[in-house]
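**Student:** coordinates only, sequence not included:
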C-alpha cells in the first residue's frame with residue numbers, strides 16, 4: 001500500500017483536540033495543498049478565512065451547534081461568486097471547494113494533525129451566521145469549516161468500501177438496497 005493510500009485510510013473525523021497550537025507555517029502549507037486541488041476550467045473560486053483567535057472560534061462554536069469542538073484552528077472554505085463560473089456551470093464552485101477541503105484533510109493527516117469537516121452550505125441559517133460572525137460579503141458563500149489541531153483521540157484507519165455500491169459498466173436499477181435513514185448532521 002502506498003503512503004498516500006495509507007494516509008487516506010488514516011484520515012478520520014476528529015472531534016477532540018489537545019490544547020496545542022498549530023503553527024502558522026503549517027497552516028500555510030495546508031492552504032497550499034487546498035489550492036493545489038483540481039478546479040473546473042481553472043477558475044479557482046475558493047477563498048479561505050483562517051480563524052485561530054479564541055474569541056472568534058468561541059463565537060462560531062456558540063452560534064453553530066455542529067461546530068462545538070475544541071480545535072485551535074478553523075479554516076472556513078468559501079466560494080467567491082465573482083470568481084465562479086457563470087451559466088450552467090455556476091454550481092461547480094461547490095466541487096472545486098470540496099476538492100480543496102479534501103486536499104486539506106488528507107494533508108493534515110499526513111502531518112500528524114486531526115481534522116473535522118463541518119458542513120455549512122446549503123443550510124441558510126449556518127451561512128447567515130458565518131457571514132455575520134466573519135464579516136463575509138454577499139457574493140461569498142461559506143461551504144464548510146475545517147477544524148484542525150492535534151488529536152486527543154485515536155481512531156483506527158479504515159475504508160468503508162461496499163461492493164453493493166459499485167456497478168460495472170452500467171447502473172442496475174433493480175438491485176435491492178436497504179436504505180438507511182440518517183439524521184441530519186453538519187459534519188463529515
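**Tutor:** Structure's in. What do you need? Keep in mind it's a predicted model, so treat the numbers as computed, not measured.
**Student:** hey, where'd the helices end up in this structure?
**Tutor:** Listed in chain order, the helices of the chain (DSSP state H) span 3-10, 24-34, 54-63, 92-110, 124-134.
**Student:** pull the distance from the first one to the chain's centre.
**Tutor:** Same thing as helix 3-10. 17 Å (C-alpha atoms, centre = their mean, to the nearest Å).
**Student:** now do it against helix 92-110, angle only.
**Tutor:** 100 degrees (axes from the mean of the first three to the mean of the last three C-alpha atoms, to 10 degrees).
**Student:** export the helices of the chain to CSV and tack on mean pLDDT?
**Tutor:** Formatted as CSV, the helices of the chain follow (pLDDT from 0 to 100):
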stretch, mean pLDDT
helix 3-10, 97
helix 24-34, 98
helix 54-63, 96
helix 92-110, 98
helix 124-134, 97
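**Student:** what's the closest of those helices to residue 44?
**Tutor:** helix 92-110 (7.2 Å; C-beta to C-beta). Backbone N, C-alpha and C define where each C-beta goes, glycine included.
**Student:** packing partners for the closest one?
**Tutor:** Helices and strands touching helix 92-110, by 3 or more C-beta pairs under 8 Å, 6 or more residues apart in numbering; DSSP states H and E, are helix 3-10, helix 24-34, strand 46-51, strand 73-80, strand 114-119, strand 140-149.
**Student:** so which of the helices of the chain is nearest residue 171?
**Tutor:** Closest among the helices of the chain, using C-beta to C-beta: helix 92-110, at 20.9 Å.
**Student:** next, the buried residues of the closest one.
**Tutor:** 92-94, 96-110 (16 or more other C-beta atoms under 10 Å).
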